[in-house]
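Visitor: test case, fold it:
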Amino acid sequence: MNIREEAHKMKLSSPVLAATSANLRNGALLAAAKALEENKDEIFAANRIDLENAEKNGISGAVIKRLKFDEGKLQSVIEGLHQLAELPDPIGKVQIMRELDEGLVMKRVSCPIGVIGVIFEARPDALVQISSLCIKSGNCAILKGGKETAETNRKLFSVIYKSVTEAGLPEGCLLQAELHNEIDELLRCDRDVDLLIPRGSNRFVRYIMDNTKIPVMGHADGICHIYADKDCDFEKAIPVIVDAKCQYTAACNAVETLLVNREIAGAFLPKVKAALDSAGVKIRGTEEVSKIIPCEIMGEDDFATEYLELVISIKLVADVQEACEHINRFGSHHTDSILTENDETAAYFMQMVDSAGVYRNISTRFADGFRYGFGAEVGISTGKIHARGPVGLEGLMTYKYMISGEGHIVGDYAEGRKAFHFKDLM
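Guide: Below is the predicted model:
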């Protein structure tokens, strides 16, 4: 397959997809949900092949959890498809309507970005989420998943593509790239691909950014923090920490560093250690932490580490100000949480931490498009331009200006025969 030729065909198909009705796109999503349920045995069989290959290649348990696509994950993505179909249509929303002069009316109207290339990690549910968000938002998508789930991705894509095109979407709405060299081809499609969303390691995302002229949106690391303030509720705080570390250890929104206020460390850390030990979590801490609880001693520079396994870093801080400074220095601007009953302290933390998600008294694992009610997410952006945090429908939209007149010419305004009066009509 020639990616550049296929991307050019997609570019021509993108206005056709953007012009489809909400009912047609929603119907396609529901058709995909039904088809996934009907073909689940074949999907699970394909996934078993991927899991067997992963084990043969010595892939670790944390990553295996990402690769697995079972009944629970299937039902979760099907629920996401139904939720997405119920959301309002993001296309054609009038954001601004202004009369510039009599008979001269300007509108700013939402529209899809166009053709989006998404290169994502070996996680089969990501393929369903990404493709469904692109369909709902009227964007054509080129999908390149990780090689470790090649069989599962191939089957999922086949089921989804067949169901949505039979439901009436244009044939150029989705494309699957499977070969590694097709990534480099995709990076050269700057005339036809409007946006790239890479999901993976910091090194991988940096490679994408450095080797393409296409705009790139995404995040590399997920170095998330929890700060246990001196005014935290121990009974409330400890389950949050365990959930943030253990509920899905390999996720980018799993907590990697726990910061603890020095005033409560003597009483709090032994309780935290007991809970983390029960969950099988290895603790790494500063020398100061090691004087309170047994742990592997770590250096200051080690705090810029994303573990994605049952390991957590712990450091003591004097107050919320030091906690925020640490997070802004070592964090990845993804998601960070404070555990406190003090409203003033919480407000300071939520204002001063420069991250896409800033939470109070909840697990960092809530950083997810499905949990935000977006239906799903195409990825999480830690940048500040265009979209930030879980990228759902809104992050996949742009807008165009539409102006209608009655033979108006600029010369009349330049030469003083007419004047703008700018009247908002919304």
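Visitor: quick one: secondary structure of Val260?
Guide: What DSSP: H, G, I helix; E, B strand; the rest coil gives for Val260 is strand.
Visitor: now Glu344
Guide: Going by three-state DSSP: Glu344 is helix.
Visitor: count of neighbours near it?
Guide: 10 (other Cβ atoms under 10 Å). Glycine gets a C-beta too; all of them are placed from N, C-alpha and C.
Visitor: likewise Val216?
Guide: 18.
Visitor: quick check, it in contact with Asp210.
Guide: No. Here Val216 lies out of contact with Asp210, judged by Cβ atoms under 8 Å, at a distance of 9.7 Å.
Visitor: got the domain ranges for this structure?
Guide: Listed domain ranges for the chain are 3-216+393-401, 224-366 (source: automatic domain parsing).
Visitor: and the contacts of the helix or strand hosting Ala267?
Guide: Assessed by DSSP states H and E, Ala267 sits inside helix 265-278. Residues outside helix 265-278 that contact it (Cβ atoms under 8 Å, 6 or more residues apart in numbering) are 228, 232, 234, 237-239, 241-242, 245, 258, 260, 283, 289, 292-295, 312, 314, 316.
Visitor: same deal with stretch 372-392?
Guide: Outside stretch 372-392, the residues that touch it by Cβ under 8 Å, 6+ apart are 77, 80-81, 83-84, 87, 116, 118, 120, 128-130, 132-134, 136, 197, 199, 217-220, 222, 252-253, 332-334, 355-357, 367-370, 393-396.
Visitor: beta-bridge partners for the residue most central in space within the chain, please?
Guide: The residue lying closest to the centre of the chain (Cα atoms, centre = their mean) is Gly379, at 2.1 Å. On the basis of DSSP bridges, Gly379 is bridged to Val391.
Visitor: next one: it from Ala150, what distance?
Guide: Computed as Cβ to Cβ, to the nearest Å, the Gly379 to Ala150 distance reads 20 Å.
Visitor: which ones among the contacts of helix 265-278 lie within strands?
Guide: 228, 258, 260, 283, 312, 314, 316 (DSSP state E).
Visitor: for those, pick the one with the most neighbours.
Guide: Ala228 (29 neighbours).
Visitor: what's opposite that residue in the beta bridge?
Guide: Val260, Leu339.
Visitor: show the pLDDT at it.
Guide: Turning to Ala228, the model gives it a pLDDT of 98.
Visitor: touching, it and Leu339? I think so.
Guide: Yes. Counting by Cβ under 8 Å, Leu339 is a contact partner of Ala228 at 4.9 Å.
Visitor: so what sits against both of these two?
Guide: 237, 241.
Visitor: in the helix holding Ala267, what's buried?
Guide: Buried residues in helix 265-278, counted by 16 or more other Cβ atoms under 10 Å: 265, 268-269, 272-273, 275-276.
Visitor: lowest-scoring secondary structure element of this structure by mean pLDDT?
Guide: Sorted by mean pLDDT, DSSP states H and E, the helices and strands of the chain end with strand 379-381, the least confident at a mean of 75.
Visitor: can you give me the offset of it from its chain's centre?
Guide: Distance, stretch centre to chain centre, for strand 379-381: 3 Å (Cα atoms, centre = their mean, to the nearest Å).
Visitor: same question for stretch 46-54.
Guide: Centre to centre, stretch against its chain (Cα atoms, centre = their mean), the figure for stretch 46-54 is 25 Å.
Visitor: try stretch 106-118
Guide: 19 Å.
Visitor: for that stretch, C-alpha coordinates in PDB please.
Guide: Extracted in PDB, the C-alpha atoms of stretch 106-118 (Å, rounded to 0.1, in the frame of the first residue of the first chain):
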ATOM      1  CA  MET A 106     -20.200  36.800   9.000                       C
ATOM      2  CA  LYS A 107     -20.500  33.400  10.800                       C
ATOM      3  CA  ARG A 108     -17.800  31.300  12.400                       C
ATOM      4  CA  VAL A 109     -18.900  27.600  12.100                       C
ATOM      5  CA  SER A 110     -17.300  24.500  13.500                       C
ATOM      6  CA  CYS A 111     -16.000  21.900  11.100                       C
ATOM      7  CA  PRO A 112     -13.700  18.800  11.200                       C
ATOM      8  CA  ILE A 113      -9.900  19.200  10.900                       C
ATOM      9  CA  GLY A 114      -9.900  16.900   7.900                       C
ATOM     10  CA  VAL A 115      -7.400  14.000   7.700                       C
ATOM     11  CA  ILE A 116      -5.900  12.900  11.000                       C
ATOM     12  CA  GLY A 117      -3.000  10.400  11.300                       C
ATOM     13  CA  VAL A 118      -2.900   8.600  14.700                       C
END
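Visitor: what's the mean pLDDT across that stretch?
Guide: 95.
Visitor: in it, what counts as buried?
Guide: 106-107, 110-118.
Visitor: dump the residue contacts of Ile292.
Guide: So Ile292 contacts 265-266, 269-270 (Cβ under 8 Å, 6+ apart).
Visitor: ok, of those residues, which one's closest to Glu325?
Guide: For these, the minimum distance to Glu325 (Cβ to Cβ) is 18.2 Å, reached by Ala265.
Visitor: from Leu17, how far out is that closest one?
Guide: Distance from Ala265 to Leu17, by Cβ to Cβ: 56 Å.
Visitor: how many other residues sit next to Ser21?
Guide: Neighbours of Ser21 using other Cβ under 10 Å come to 11.
Visitor: how far away is it from Gly138?
Guide: In terms of Cβ to Cβ, Ser21 sits 10 Å off from Gly138.
Visitor: for Lys73, which non-adjacent residue is closest in space?
Guide: Leaving out its chain neighbours, the residue that sits closest to Lys73 by Cβ to Cβ, 6 or more residues apart in numbering is Asp125, at 5.0 Å.
Visitor: surely the one you found touches Ile78?
Guide: No. Contact criterion Cβ under 8 Å: Asp125 and Ile78 do not qualify, at 10.5 Å.
Visitor: so if I had to pick from those two, which one is more boxed in?
Guide: Of the pair Asp125 and Ile78, Asp125 is the one with more neighbours under other Cβ under 10 Å, namely 21 against 18.
Visitor: find the nearest non-adjacent residue to Tyr348, please.
Guide: Val320 (5.5 Å).
Visitor: so where's the stretch 251-400 of the chain uncertain?
Guide: Residues of the stretch 251-400 of the chain meeting the criterion pLDDT under 70: 375-376, 384-385.
Visitor: thinking again about what came up before, tell me the one among the ones in strands among the contacts of helix 265-278 nearest to Arg4.
Guide: Distances from Arg4 to those, taken by Cβ to Cβ, are shortest for Ile312, at 44.8 Å.
Visitor: give me the contacts around stretch 59-78.
Guide: With Cβ under 8 Å, 6+ apart, stretch 59-78 has contacts from 33, 36-37, 40, 43-44, 47, 50-51, 54-55, 121-125, 128-129, 132, 148-149, 152, 156, 248-250, 308-310, 370, 376.
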